[in-house]
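[1] okay, predicted coordinates and the sequence, questions at the end:
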Amino acid sequence: MIKIERNETPKVEHYSTSLVQESLKKDFFRKCYICEEVTRHFEVDHFYPKNYYPHLVNDYKNLFYCCQKCNKIKPKVINTHSENEILNCCEIDPSEYIKLKLNINACKVDVTQIHTNDILEYQIKETIKLLNRVYNGENSQSTSCADLKDDIKEKMEEFGKKLDKYQTTKLKNAIVEEIKKELTIESSYVTFKRWIIRDNPKLNATFGNYF
Ligand SMILES: [Zn+2]
């Protein structure tokens with residue numbers, strides 16, 4: 001989950017119009033706000049569910065770009081009461097509190113809390129539960145997490161090859177540009193990539209300033 005800055009301000013007559021969809025595509029870079037997969041197959045998710053918060057049904061700030069898998073797997077109870085709210089990634093940077101790492105040996109995603117925050121503690125814990133559900137299939141009947149992990153693994157391997165190349169080649173300029181691009185917000189699963197950099201002091205010294 002990555003911090004999103006909304007730039008679009010569409011006049012929302014109804015949340016399902018193409019105007020809203022186009023605006024969400026731009027603001028979220030076609031990335032699911034929960035799993036960070038880049039996808040064209042998305043649904044407009046109401047962060048605060050529309051049957052609990054009918055006054056927010058057409059409020060653009062309540063509309064999120066969500067892949068079909070995550071929208072299906074997300075429990076309906078989320079964000080219906082203060083004790084089951086998740087972090088709002090349009091207001092708070094989840095990576096300040098949660099670390100994501102693909103654990104190849106265990107074939108799972110390690111979702112770890114790295115900082116506490118008295119006010120946000122509930123939201124951090126609920127977000128971790130949701131991410132474990134999406135990435136690791138915890139408390140879920142859905143098998144979509146296997147495909148998702150395969151996709152993350154593939155993307156991390158590609159990213160790893162670029163980092164290897166950076167460390168071995170003498171002509172670094174071109175590969176530096178490629179790695180910088182992988183670390184931009186548009187890039188799929190960028191939270192995972194940024195943590196790979198942060199966990200390596202040498203790479204962090206070179207690339208840490210780019211995000
Ligand atoms: Zn998703």
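    Cool, got the structure. Numbering: from 1, shown residues only.
[2] going forward, measure contacts between C-alpha atoms and count neighbours the same way
    Fine.
[3] just the helices in this structure please.
    Across the chain, reading from the start of the chain, the helices by DSSP state H fall at 18-28, 68-73, 121-136, 144-168, 173-182, 190-198, 201-207.
[4] got the ones you listed as JSON lines, with distance to Asn51 columns?
    Below are the helices of the chain laid out as JSON lines (distance: least, Cα to Cα, whole Å):
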{"stretch": "helix 18-28", "distance to Asn51": "20"}
{"stretch": "helix 68-73", "distance to Asn51": "16"}
{"stretch": "helix 121-136", "distance to Asn51": "20"}
{"stretch": "helix 144-168", "distance to Asn51": "26"}
{"stretch": "helix 173-182", "distance to Asn51": "38"}
{"stretch": "helix 190-198", "distance to Asn51": "32"}
{"stretch": "helix 201-207", "distance to Asn51": "44"}
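[5] so which of the ones you listed gets nearest the ion?
    With distances scored as Cα to the ion, the stretch of the helices of the chain nearest to the ion is helix 68-73 (4.2 Å).
[6] got the buried residues for stretch 144-162?
    Within stretch 144-162, the residues that qualify as buried are Ser144, Cys145, Ala146, Leu148, Lys149, Ile152, Lys153, Lys155, Met156, Phe159, Lys162, counting by 16 or more other Cα atoms under 10 Å.
[7] which positions in the chain make contact with the ion?
    Taking Cα under 5 Å from the ion as the test, the list of the chain residues beside the ion reads Cys32, Cys35, Cys67, Cys70.
[8] which one of these sits in the busiest neighbourhood?
    Using other Cα atoms under 10 Å as the neighbour definition, these reach their maximum at Cys32, which records 28 neighbours.
[9] ok so, going back, generate CSV for the buried residues of stretch 144-162, with pLDDT as supplementary columns.
    Formatted as CSV, the entries for the buried residues of stretch 144-162 read as follows, by pLDDT from 0 to 100:
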residue, pLDDT
Ser144, 89
Cys145, 91
Ala146, 93
Leu148, 95
Lys149, 96
Ile152, 97
Lys153, 97
Lys155, 97
Met156, 97
Phe159, 98
Lys162, 98
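[10] among these, which two are most distant?
    Greatest spatial distance among these (Cα to Cα): Ser144 and Lys162, at 27.8 Å.
[11] of all the helices of the chain, which lies closest to Glu91?
    The closest approach between Glu91 and any of the helices of the chain, judged by Cα to Cα, belongs to helix 121-136 at 12.4 Å.
[12] against which helices or strands is the closest one packed?
    Packing partners of helix 121-136 (3 or more Cα pairs under 8 Å, 6 or more residues apart in numbering; DSSP states H and E): helix 68-73, strand 108-113, helix 144-168.
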